[in-house]
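Enquirer: Below are the sequence and a predicted model; questions follow.
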Amino acid sequence: MPDQAKWTRLGLIAGGGDLPVEIAHAMAGMNPFIVRVKGFGTDPFEGFESVEKSIGQIGGILKALKNAGCDALCFAGYVKRPDIKDLQMDARGLVLVPKALAAGRKGDDAILRVVIDEFEQAGLTVIGANDVLKSLAPAAGQLTVTAPNENDRADIAKALLTARHMGELDIGQAAVVAHGVVLAVEAQEGTNGMLDRITDLPAHLRGAPDKRLGVLAKTPKPIQERRIDLPTIGLETVTRCDRAGLAGIALEAGSALIVNREAVIAALDAAGMFLVVEDAQP
């Protein structure tokens, strides 16, 4: 549970995926207020006080949070960069557009900082998902029964290095390496889209479920706004890694989130894949 000394009620901006649901249920005893992002979050959050808002309704979101008595805020779940012409924006959202467009030229992380600044200027304390639910961010170690072999270790090192270099350019958070060859790096399609591309590669370049090869590595960008967009894996990640014939997954300690950890580890063990968490680079 988070340190609640500086706030009284948490608002949860819920995008897509299982992360918002896990956080909400873990925090149920603290009565979080849920803002479901229209077009992304699909869970109705039954039993929780909630409201649905478009990502462009900044004023509406702030009003709902204030009316609910929220003084802290956590962003969880994925929200793809929207097309501005499709947004349902209110007056405050329209005011934010020029700042967001200017920030967008510097990359996604700059946009996230603009969004966080807007909520902080309204008096809300923005808290990272890993601080709200500390069990989401694993410490260094091997989490699965299956362990990486010597070749896998070399692929882990190169995949982490590649992901870090991509992050320095604010391109993405993930990379896949097999036998020392970079098979894919993450861009705007996200991790799942990147993994799906691997299944279309020639068979001699990639692994298969009966002959696993290659590693998915996810690391935060050096300029990462860690309160809103840490690298995340879940059961969907495992399914796609399995389909791509990968041998395992590598993360950085304290710098990534595992949604539904027990189920993820069980699925990896069942598939004969590994999950290792490496110490973060200084």
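Expert: Nice, thanks for sending it over.
Enquirer: Just the buried residues of stretch 252-269, please?
Expert: With burial defined by 16 or more other Cβ atoms under 10 Å, the residues of stretch 252-269 counted as buried are 252, 254-261, 264-265, 267-268. Glycine gets a C-beta too; all of them are placed from N, C-alpha and C.
Enquirer: scratch that, stretch 33-40
Expert: Of the residues in stretch 33-40, those buried under the neighbour-count criterion (16+ other Cβ under 10 Å) are F33, I34, V35, R36, V37, G39, F40.
Enquirer: Restricted to strands, list those residues.
Expert: Judged by DSSP state E, those include F33, I34, V35, R36, V37 as members of strands.
Enquirer: dump the residue contacts of the spatially closest residue to the last one that is not a sequence neighbour.
Expert: Counting by Cβ to Cβ, 6 or more residues apart in numbering, the nearest residue to V37 once its immediate chain neighbours are dropped is G15, at 4.9 Å. Contacts here follow Cβ atoms under 8 Å, 6 or more residues apart in numbering; on that basis G15 touches V37, F40, G41, F75, A76, G77, Y78, V79.
Enquirer: Among those, which one sits closest to A28?
Expert: Checking the contacts of G15 against A28 by Cβ to Cβ gives A76 as the nearest, at 14.6 Å.
Enquirer: Neighbours of that closest one, how many?
Expert: By the measure other Cβ atoms under 10 Å, the count of residues near A76 is 28.
Enquirer: Equivalent analysis for I249, please.
Expert: For I249, which is what you asked about, the neighbour count (other Cβ under 10 Å) is 28.
Enquirer: so how far is V185 from it?
Expert: Between I249 and V185 the distance, using Cβ to Cβ, to the nearest Å, works out to 15 Å.
Enquirer: Bridged to V126, which residues?
Expert: When bridges are taken as DSSP bridges, the partners of V126 come out as L73.
Enquirer: er, L10 I mean
Expert: Beta-bridge pairing for L10 (DSSP bridges): A72.
Enquirer: burial measure for it, as a count.
Expert: By the criterion of other Cβ under 10 Å, L10 has 26 neighbours.
Enquirer: That one and G77: what is the separation?
Expert: L10 is 15 Å from G77, where distance means Cβ to Cβ.
Enquirer: how much space between the residue nearest to V37 and V79?
Expert: With distances defined as Cβ to Cβ, the gap from G15 to V79 amounts to 4 Å.
Enquirer: Give me the common contacts of those two.
Expert: V37, F40.
Enquirer: Now do the contacts for the closest residue to D242 other than its chain neighbours.
Expert: Of all residues beyond its chain neighbours, the one nearest D242 is A271 (4.8 Å), with distances taken as Cβ to Cβ, 6+ apart. Contacts of A271 were listed using Cβ under 8 Å, 6+ apart, and they are P209, V238, D242.
Enquirer: Can I get the buried part of those as one ChimeraX selection?
Expert: Selection of buried members from the contacts of A271 for ChimeraX, criterion 16+ other Cβ under 10 Å:
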select :238,242
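Enquirer: in what helix or strand does T162 lie?
Expert: When secondary structure is defined by DSSP states H and E, T162 falls within helix 150-168.
Enquirer: Average pLDDT for that helix, rounded please.
Expert: Regarding helix 150-168, the rounded mean pLDDT is 94.
Enquirer: ok and whichever helix or strand comes after it relative to helix 150-168, angle-wise?
Expert: As assigned by DSSP H and E, the chain's next helix or strand after helix 150-168 is strand 174-178. With axes from the mean of the first three to the mean of the last three Cα atoms, to 10 degrees defining the directions, strand 174-178 sits at 150 degrees from helix 150-168.
Enquirer: Quick one: list the elements packing against strand 174-178.
Expert: Using 3 or more Cβ pairs under 8 Å, 6 or more residues apart in numbering; DSSP states H and E as the contact definition, the elements that strand 174-178 packs against are helix 150-168, strand 181-185, helix 190-198, strand 215-218.
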